[in-house]
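Q: Provided below are the primary sequence and the corresponding predicted coordinates.
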Amino acid sequence: MNLADLKAYVALAETGSINRAALRLRLTQPAVTRRIQNFETSIRGTVLLDRRVKPPVLTPAGRQVLAHCQGVLKAVAELEACAAGGAEPAGELRIGISPGLAEAVLSTPLDDLRRRFPGLRLRVASEWTTSLIRKVGNYELDCAVALVTDHHTLPVTVSGSLICSEILAVVAPRNFKPSVRNTRMLRIRDLEPYAWILNPAGCGYREALLRAYDRSNTSCRVVADILGYDLQLSLIARGAGLGLVPRRLIDRSSLRTELRILRVLDFKPEVRVMMLRGTLLGNLGIVVDRLQRLLSTGSNRKILA
């Protein structure tokens, strides 16, 4: 098996087309096609690409092979870094971010990394935590800054380090009047009559709320699936429903005076902001360590807190 052929297959899988793979590898399209054909031959007949569609897409077997190939390339990069005797980190660093953390991660920390490591190319993707864990574990991402709840499980190929905790709050319009007399004794079951405005399915916050309803043997009625806390808070302030929002975002919202935070005795959600990393980072681990330190200290910590 030829390493150049393997790189061509990974380039095709990650870019989605022969043309873009050729641009990445600085080769002609026919040269990339030949390398991919050579790689398929070396896999001994395993069908890696479904060529019935244009452009071709990876088969299930092709996705499994891709994960192993990405691991091989990471291992090769680690070996080269070791042989280089501590050379400056370079190449592509693929970072995942949970929605809601982009402000903290994309402000000054990434600018700092670009200045500190000029040979580094940063590639950023925002996805739900479950997807981020899977992609870090499969070597599709090098690291991720994720919102991790108790129902998330990290595979052996992913390590996690705590940055800080995120406090969530149940928020209602200012004039909200629950059916119970004593609002200090409010419980999840008391909120069953009310509608909710939540992040779309896949969000850990939403899953935590649904599980709380399940434990109380009541049902949760979702009337709006909204990705974006500004719009959620706007709808909540206008009386469209209740929400589950990071406390820090409520406190900073221009609508704060139009909102009311509810104290729910049997639902006190808290999630962990964690740095997730793969096991084959090589000298890119230096960059991930620096990103974690930047997020854990100074003004960036205030954004998260």
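A: Everything's here; your move.

Q: hey, C-alpha coordinates of stretch 120-131 in CSV?
A: The C-alpha atoms that make up stretch 120-131 are tabulated as CSV, following Å, rounded to 0.1, in the frame of the first residue of the first chain:
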residue,chain,number,x,y,z
LEU,A,120,-0.9,26.2,11.0
ARG,A,121,-4.2,26.1,9.0
LEU,A,122,-7.3,26.1,11.2
ARG,A,123,-10.5,24.4,10.1
VAL,A,124,-13.5,24.9,12.3
ALA,A,125,-16.9,23.1,12.4
SER,A,126,-19.9,23.7,14.7
GLU,A,127,-21.9,20.6,15.6
TRP,A,128,-23.8,18.9,18.5
THR,A,129,-21.6,17.2,21.1
THR,A,130,-22.6,13.7,20.2
SER,A,131,-21.3,14.3,16.6
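
Q: how far is it from where the chain is centred?
A: Taking Cα atoms, centre = their mean, to the nearest Å, one finds the center of stretch 120-131 at 6 Å from the center of the full chain.

Q: quick one: secondary structure of Val264?
A: Reducing the assignment to helix, strand or coil with DSSP: H, G, I helix; E, B strand; the rest coil, the entry for Val264 is coil.

Q: tell me the confidence at it?
A: Looking at Val264, its pLDDT is 90.

Q: mind telling me what element Pro55 is part of?
A: With elements delineated by DSSP states H and E, Pro55 resides in a region that no helix or strand encompasses.

Q: that one contacts Gly16, doesn't it?
A: Yes. Under the criterion of Cβ atoms under 8 Å, Pro55 makes contact with Gly16 at 6.3 Å. Every C-beta, even on glycine, is put in place using the N, C-alpha and C of the backbone.

Q: so which residues of the stretch 51-200 of the chain form strands?
A: Chain-ordered strands for the stretch 51-200 of the chain, with DSSP state E, counting those that start in this stretch as the definition, fall at 57-58, 91-97, 120-126, 143-148, 158-173, 195-198.

Q: what mean pLDDT does the longest one have?
A: Yep, that's strand 158-173 we're talking about. The predicted model assigns strand 158-173 a mean pLDDT of 90.

Q: quick check: which ranges of the stretch 101-250 of the chain have low pLDDT?
A: Judged against pLDDT under 70, the low-scoring parts of the stretch 101-250 of the chain cover residues 103-105, 182-183.

Q: just the helices in it please.
A: Listed in chain order, the helices found in the stretch 101-250 of the chain under DSSP state H, counting those that start in this stretch are 102-106, 108-116, 129-137, 204-215, 229-237, 247-252.

Q: thanks a lot, catch you later.
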